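# here is my input; please provide its structure:
(chains A, B, C and D)
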Protein chains: 2
Amino acid sequence: MRNEQLRESLKGKVPLFEGLPEEALDEILKRGHRHQLAKGFILFHQGEPADSFHLIIAGRLKVAQTSEEGQQMIVRYLGPRELAGCVAVCGGLPYPATATAVEDTWLLQWNRGALADVAERWPQIALNAMRIMGGRTQELQDRVRELQGERVEQRIARTLGRLVVQAGRRTADGIEIDFPLSRQDLAEMVGTTLHTVSRTLAAWEQEGIVRSGRQKVMIRDAASLSVIAGSGEQSS
Amino acid sequence: MRNEQLRESLKGKVPLFEGLPEEALDEILKRGHRHQLAKGFILFHQGEPADSFHLIIAGRLKVAQTSEEGQQMIVRYLGPRELAGCVAVCGGLPYPATATAVEDTWLLQWNRGALADVAERWPQIALNAMRIMGGRTQELQDRVRELQGERVEQRIARTLGRLVVQAGRRTADGIEIDFPLSRQDLAEMVGTTLHTVSRTLAAWEQEGIVRSGRQKVMIRDAASLSVIAGSGEQSS
DNA sequence: TCAGCTGTTTGAGCTCCAGCAAACAACGAT
DNA sequence: ATCGTTGTTTGCTGGAGCTCAAACAGCTGA
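Got it, this is the predicted structure:
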């Protein structure tokens, strides 16, 4: 992809660079390093000092945290135009989680110094960064609340709903989650076991709400799904 | 309290103002408005536009979030030298939660404009703000992981451990949580019911790990507590 | 084509803990 | 002192969902 195309494809759509003049965007993109990561490879490890952050041009990353006892949790998936490592680099903290490519992924990378430079020239970037971090905090708070008060089925529905927004691809018979997503992955996002996820999806498949296969989920009836997400299905 | 005493009591201890020269601290404190909030009163409501943020001089605030369905969750308690509303104001977002005084509380308040001013003069403040936000994100991630993988007893132990650090007061027979904390409150922090909290504390009281009364918890054996927090007590 | 691996399904049992209920205790106000 | 309010204790019951187990299916590479 030529630089110009790249700029076009990103213009006005990257939250971190929102509100910047075009020449700023040009300059900033020029300073980033292009970079590729094959499916399955790790971009950074939890606990490493955060010396650079990454804008996803294409592909998808899984951000996951592991506790000392070995239990894993998926923090989120990141897609095109989203940032990996932004919270850590801005805060001067180690990476709080491990980022793995779940598809072949193209990135644009800046180191900490470059960020400081451009943030000084265009303070809007610092504001944007804080807004992004605030949004993430908000999301995590919501997730804690859900874990505390909602049933598993409801949480699976919510999680799928979010994935539809973040990574849904319209197809002939529904909206498909556009990257390989196993039952185990879904379980680690929701806070349950792959067994329960499997059973739940099977039940929904009966009702025609989803269709699913090996590492594939397709939503056929988003309305029903959001009813379940909102209230936890009190039917038969 | 005179201004000078105030400055002394805060110097070098407020995370947001870390690394600032003394004259900066002076100037900043001068621009803040003193402010008092009696026990039980609300500082700000969830959803309100965040136009000011607050440094706690003395007292304690409860930060809680309520979902549309009415279920409550306590995000955290804030004590002296901590900031309320910082994430929201910095990010230009509405307050994500409601802050209530659980004791008579003295505050120092700045509006958004004042923050922008001082952050422009001393950019270190912006960096500190981001580090604080990053830390909060980290904490919330840990909490999500705990909710997903740990038993209630373990989570209660962890929560008490954190409260000891944040608000523990050494006394003759142990460390007491230094503000009124009901079973219900603890339950909303942990993600369980007051019944389970009550039962768990009763069991621990048998073993001499805690002593508790009406809105009071005292830790007598912090070591045992952290063993439970770390591994979830597999004994008889 | 077959073997091996990884991911999925499904069953059975059991446990943790939420939900309901009712009594009890501490505190504050009159 | 007494009453009402608010917080706590404790028993009982049921069910959601975790755990263990085993079979099954889809993909990959030799």
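# around DNA strand D, pick out the residues from chain A.
Chain A comes close to DNA strand D at residues A:151-153, A:191-193, A:195-196, A:213-214, as judged by C-beta under 7 Å from any atom of the strand. Using the backbone N, CA and C atoms, a C-beta is placed for each residue, glycine as well.
# now, among the residues you listed, which is nearest to chain B?
Nearest to chain B among the residues of chain A next to DNA strand D: A:Gly191, at 3.5 Å, using C-beta to the nearest C-beta.
# looking at the residues of chain A next to DNA strand D, which are in strands?
Among the residues of chain A next to DNA strand D, the ones falling in strands (DSSP state E) are A:Gly213.
# keep only the residues of chain A next to DNA strand D that also lie close to DNA strand C.
The subset of the residues of chain A next to DNA strand D within reach of DNA strand C, by C-beta under 7 Å from any atom of the strand, is A:195, A:214.
# in CSV, list the residues of chain A next to DNA strand D along with pLDDT and neighbour count.
Shown next, in CSV, are these (pLDDT from 0 to 100; neighbours: other C-beta atoms under 10 Å in any protein chain shown):
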residue, pLDDT, neighbour count
A:Arg151, 96, 13
A:Val152, 97, 18
A:Glu153, 97, 20
A:Gly191, 97, 20
A:Thr192, 98, 19
A:Thr193, 97, 14
A:His195, 98, 10
A:Thr196, 98, 16
A:Gly213, 92, 7
A:Arg214, 94, 7
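# which of the residues of chain A next to DNA strand D fall within helices?
A:152-153, A:195-196 (DSSP state H).
# give the contact list for the residue nearest to A:Glu48 when sequence neighbours are not counted.
In this structure, A:Glu48 finds its nearest non-sequential neighbour in A:Tyr95, 5.3 Å apart by C-beta to C-beta, 6 or more residues apart in numbering or on different chains. A:Tyr95 sits next to A:44-50, A:85, A:88 when contact means C-beta atoms under 8 Å, 6 or more residues apart in numbering or on different chains.
# just those residues: which are in helices?
In helices, judged by DSSP H, the following of the contacts of A:Tyr95 are found: A:Ala88.
# between which two of the contacts of A:Tyr95 is the distance greatest?
Greatest spatial distance in the contacts of A:Tyr95: A:Gly47 and A:Gly85, 12.9 Å, computed using C-beta to C-beta.
# higher neighbour count, those two?
Using other C-beta atoms under 10 Å in any protein chain shown, the more surrounded residue of A:Gly47 and A:Gly85 is A:Gly85, with 26 against 12.
# could you name the helices and strands sitting against the longest helix along chain A?
If you go by DSSP H, chain A has its longest helix at helix A:124-149. Applying 3 or more C-beta pairs under 8 Å, 6 or more residues apart in numbering or on different chains; DSSP states H and E, one finds that helix A:124-149 makes contact with helix A:86-91, helix A:112-121, helix A:152-167, strand B:72-78, helix B:86-91, helix B:124-149.
# just the CA trace of the second one, in PDB.
Output in PDB follows, covering the C-alpha atoms of helix A:112-121 (Å, rounded to 0.1, in the frame of the first residue of the first chain):
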ATOM      1  CA  ARG A 112       7.600   6.700  23.300                       C
ATOM      2  CA  GLY A 113       9.800   9.600  22.200                       C
ATOM      3  CA  ALA A 114       8.000  10.100  19.000                       C
ATOM      4  CA  LEU A 115       4.700  10.200  20.800                       C
ATOM      5  CA  ALA A 116       6.000  12.800  23.200                       C
ATOM      6  CA  ASP A 117       7.200  14.900  20.300                       C
ATOM      7  CA  VAL A 118       4.000  14.900  18.300                       C
ATOM      8  CA  ALA A 119       1.900  15.300  21.500                       C
ATOM      9  CA  GLU A 120       3.900  18.400  22.300                       C
ATOM     10  CA  ARG A 121       3.300  19.900  18.800                       C
END
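# and it, how far from the chain's centre?
Chain-centre distance of helix A:112-121: 24 Å, with C-alpha atoms, centre = their mean, to the nearest Å.
# can you report phi and psi for the residue nearest to A:Glu48?
Backbone geometry at A:Tyr95, expressed as degrees, to the nearest 10, gives phi -60, psi 130.
# mind checking how far the nearest residue to A:Gly149 once chain neighbours are set aside is from A:Arg31?
Nearest residue to A:Gly149, sequence neighbours excluded (C-beta to C-beta, 6+ apart): B:Gln71, at 4.2 Å. From B:Gln71 over to A:Arg31 the distance is 46 Å, taken as C-beta to C-beta, to the nearest Å.
# now A:Leu201
Applying C-beta to C-beta, the value for A:Leu201 to A:Arg31 is 45 Å.
# looking at those two, which is more packed in?
A:Leu201 (19 against 14).
# list the contacts for the more buried one?
A:156, A:183, A:210, A:212, A:217.
# rebuild these as JSON lines, extending it with distance to B:Ala222.
Output for the contacts of A:Leu201, formatted as JSON lines (distance: C-beta to C-beta, whole Å):
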{"residue": "A:Ile156", "distance to B:Ala222": "38"}
{"residue": "A:Arg183", "distance to B:Ala222": "40"}
{"residue": "A:Val210", "distance to B:Ala222": "48"}
{"residue": "A:Ser212", "distance to B:Ala222": "48"}
{"residue": "A:Val217", "distance to B:Ala222": "46"}
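# out of those, which end up buried?
For the contacts of A:Leu201, a neighbour count by 16 or more other C-beta atoms under 10 Å in any protein chain shown gives the buried set as A:156, A:183, A:210, A:212, A:217.
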